[in-house]
Structure formats: structure tokens, C-alpha cells
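Q: got a sequence here, can you build the structure:
(one chain, ligands or ions: 1)
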Amino acid sequence: MKEDHLFEEENMKITADTEVCIGAGMCALTAPEVFDQSEEEGTVVVLDGEPPASSEAAVRRAVQLCPSGALSVS
Ligand code: SF4
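A: Take a look at the predicted model:
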């Protein structure tokens, strides 16, 4: 039996709470391929809610650096 999916990596999932976000922009600076800020409010915009494994380190750093705790990763 072939088990193609056995070792398939699951992408992380990003959640951003714009009610909590204070628009500090650390996320967009740290992982610009995944986060941006809205032009009006300056709050976080998630460009890619399930980014590839190659973005994981930057995303985890952004989550740590976010001063408001608006970001979470599962
Ligand atoms: S780093 Fe945190 S507070 Fe700053 S824009 Fe991103 S989510 Fe918002």
C-alpha cells in the first residue's frame, strides 16, 4: 500500500486579532511575505494564513515580537 500523505507536512495556521492589534508593524517588518498592515487602520493584514514551512521561522519570530499578542500560530 502506498502512503503518500504519511510524511506530508501540515502548514501552520495563523490567527490575527485586529481588535487587539495596535498597529506596531513588527509582523510586517519581520515576515513581509505573510503580514501586511492595512492602509486605513494600520492593523495587521494576514496575506497568507497558511504559509509554507519556509516562512515558519519568520512567522514565529513575528509572533514573539508582536507587542500586543494579537498573533497566534497553531
Ligand atoms: S506586530 Fe502585532 S501589534 Fe504590530 S501590527 Fe503586527 S499584529 Fe499588530
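
Q: so what touches the longest helix belonging to the chain?
A: As assigned by DSSP state H, the longest helix anywhere in the chain is helix 56-65. With contact meaning Cβ atoms under 8 Å, 6 or more residues apart in numbering, helix 56-65 is reached by 12, 14, 26-27, 30-31, 33-35, 51, 71-73. Bear in mind the C-beta positions are built from the backbone N, C-alpha and C, glycine included.

Q: can you rerun that using 6 Å?
A: Under the criterion Cβ atoms under 6 Å, 6 or more residues apart in numbering, residues M26, C27, T30, A31, V34, L71, V73 lie in contact with helix 56-65.

Q: stretch 11-19 too?
A: With Cβ under 6 Å, 6+ apart, stretch 11-19 has contacts from T43, V44, V46, G49, E50, A70, L71, S72, V73, S74.

Q: could you report the neighbour count for the nearest residue to the fifth one once chain neighbours are set aside?
A: Spelled out, it's E50. Of all residues not flanking E50 in the chain, N11 sits nearest, at 4.1 Å (Cβ to Cβ, 6 or more residues apart in numbering). The number of residues packed near N11 is 14, by other Cβ atoms under 10 Å.

Q: and N11, that one's in a helix?
A: No: using DSSP: H, G, I helix; E, B strand; the rest coil, the assignment for N11 is coil, not a helix.

Q: tell me the pLDDT at it?
A: Listed pLDDT for N11 reads 83.
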